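1. Show me the folded form of this:
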Amino acid sequence: MLSRKTKREDECCLLIGMRTGSITVFMSLLLMLIASLLFTLLEGSRYMMLGMMAVLNSQSVTESMFAEYQAPAYHNYHLFIMDSGYGAGELMLSKVNARMQELGQENLNPVVSGFGRHSNFLQMNVTDSSVVRYELATDRNAGPLLEQMSQLMKKEAAADLAQQAYQKVTGIQESDSQGKKTDQYLDGALDTMEQAKEAAKEAAKETAGQAAKAVDLTGGTSGIRPAGSAKIKARHMRNAAVAAEDSADPPEQEVENPMEQVKSAKSSPLLAQILSGSGGISTKQISKEDAVERRTLNTGNQEGSSSAGILDKVLIMQYLKKYTASYQHPVAVPHALAYEQEYLLCGKYSDEDNLEKVAARLLLVREGINFAYLMTDSAKKEEAFAMASAIAVAAAIPGAVKAIQMGLLASWAYAESVVELRTLFSGGKIAAVKSAGNWNVSLSQIASVLFQTSVKAREVSNGLDYEDYLQAFLALESLPKIGNRFANLLEKNMRLYAGYEQVKLDCMITAMEAEHAYHARQVFLTFVTVGRLSKNGYEYRKKYYFSYTRTDAGSQGVF
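-> Numbering: from 1, shown residues only. Model prediction:
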């Protein structure tokens, strides 16, 4: 029989054991609770970190796509475009989507080389990447390219200098319209002279007919001799008829009339009158069948509108002057056309045709300027009037003096313009405003200088050169035309490089919004009793927008 003391000790031990067990259970429960709380906090932090990783990865992947810009476009023109067709000449958004998903998966689950295993508590997978909206280089008449040009020149050129360059050639449009009148004056003078000659011939014939009738009436066949007064009158009638016929014929001593030579020169190739030889003219030409401005283009689904102002247009003109070729500004890199600025202005598909069109435009402007000056120079007007009077008297058409004078002034303006164009095309500068001091051709030299290509206008240090006029013409052209033609030039130039033979500008992306979907498994909650809730994991969807030109790029996400 156990003693009371032993029994009491056993009860104490039992009580202690029960208390110890309770404490152990309590501690275990407490530890589990702490662990659950800790793992929950860790999982919550991981959940937030995964969201941040999704945002960063969406940004990184989208911008990485735009880092794959086309090298020839950047190196030659400092323009950024990304090919969605990867050289195939097709708009292939599926390839872009696959490429983005591949890049995203590599970012989140990098391949680790070496020994051992790599564990990443922030590991997740890209389940989908897709382009939501996009903009192509040819959208809005190549508006994205024009925007890049303007933004580039804002960094490279001072806006006030660009504005000064634009103001330097104001008045070109008015001179252009004035130049068209010179043709009317020349044609009018020649037509008036021709009509006057025809009228004189008709009058002579009528006078001769009347004289013949008078002879028949006075001479008769009846044998009756006319009276003395009748004989005298008949004789005078015959003499008048002979004089009228003689006046209809050209005079023995003709007065030189330069209008005919000018009319002939106007119908001849203009470049032959300006350039010393055709050997220096480029023979390059491009195909027009697949030209950007002629074919049906792919279009992006991003809404937008081009709203270029005067300053933007000036900056674009400055860009074209710096980064595109012209007759006076050749480039060493491969170009499909040697005279790119001339193509942008005229839209012809050969260098020679574009140069001819520019020369004709220049001639028209200079004719307008020179003719306007002649109308203000009283001495030159008097000189032209004197020659017109001599021509009218020699041709027996005194009523046409005024018309002939205007035709001579138009011819004079043409000859002066031709010698000015020779200076421009040889790289010299001519006076923007005419005066007696900078006039070059005399009235008597009109016919002789037309095809003497060595005769040029005197250069002036503060005048305008060929590039100045080309810039002025481009500034007067519409931006949609310039944009489409530039896109065609860029496309043709890129095709000259290996690996770019099939590229198309309407497959080039300049801005896009991409959406990326992610999935991640739960990690820390698997260590607690609620681990069974982690079967579905987490889903993230993030959007990110990027543009080569716009500054409103950003991201947005949906958890």
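2. Remind me which helix or strand E513 belongs to.
-> Following DSSP states H and E, one finds E513 within strand 508-520.
3. Tell me the helix or strand right after that strand.
-> Following strand 508-520 in sequence, per DSSP H and E, is strand 538-547.
4. tell me which residues of that next one are tucked away?
-> Going by neighbour count (16 or more other Cβ atoms under 10 Å), the buried part of strand 538-547 is 538, 540-547. All C-beta atoms are positioned from the backbone trio N, CA, C, and that covers glycine.
5. Next: stretch 450-460.
-> 450, 453, 455-459.
6. and if you look at stretch 86-101?
-> Under 16+ other Cβ under 10 Å, the buried positions of stretch 86-101 are 86, 89, 91, 96-97, 99-101.
7. Show which residues not belonging to it make contact with it.
-> 61-62, 65, 84-85, 126, 128-131, 134, 136, 298, 499-500, 502-504, 506-507, 509, 514, 516 (Cβ atoms under 8 Å, 6 or more residues apart in numbering).
8. Mark which of those residues are buried, thanks.
-> Buried, going by 16+ other Cβ under 10 Å: 61-62, 65, 84-85, 126, 129, 131, 134, 136, 298, 500, 503-504, 506-507, 509, 514, 516, out of the contacts of stretch 86-101.
9. In helices only, show me the buried residues of stretch 86-101.
-> Among those, DSSP state H puts 96-97, 99-101 in helices.
10. quick check, nearest of these to A415?
-> V96 (60.8 Å; Cβ to Cβ).
11. how much space between the closest one and I509?
-> 8 Å (Cβ to Cβ, to the nearest Å).
12. Over to A396?
-> A396 sits 75 Å away from I509, going by Cβ to Cβ.
13. hang on, the earlier thing: just to be sure, which of the contacts of stretch 86-101 are found in helices?
-> Mapping these onto helices (DSSP H) picks out 61-62, 65.
14. ok, these vs T376, which is closest?
-> T376 lies nearest to M65 out of those, by Cβ to Cβ, at 63.0 Å.
15. Enumerate every residue touching that closest one.
-> By Cβ under 8 Å, 6+ apart, M65 lies in contact with 82, 96, 99-100, 103, 512, 514.
16. Then E416?
-> The contact partners of E416, taken as Cβ under 8 Å, 6+ apart, are 366, 370, 439-441, 457.
17. hmm, try it at 6 Å
-> E416 makes contact with 370, 440-441, according to Cβ atoms under 6 Å, 6 or more residues apart in numbering.
18. for the stretch 51-200 of the chain, what spans make up the helices?
-> For the stretch 51-200 of the chain, the helices defined by DSSP state H, counting those that start in this stretch occupy 71-77, 93-108, 139-156, 159-167, 172-219.
19. I misspoke; the intended subject was the stretch 301-450 of the chain.
-> 310-323, 340-346, 351-374, 378-394, 401-425, 446-449.
20. angle of the longest one against helix 351-374?
-> Using axes from the mean of the first three to the mean of the last three Cα atoms, to 10 degrees, one finds that helix 401-425 and helix 351-374 are set 130 degrees apart in direction.
21. Hmm, Q318 and Q471 touching each other?
-> No: contact between Q471 and Q318 fails when scored by Cβ atoms under 6 Å: they sit 8.1 Å apart.
22. Between those two, which contacts overlap?
-> Counting by Cβ under 6 Å, 6+ apart, no residue touches both Q471 and Q318.
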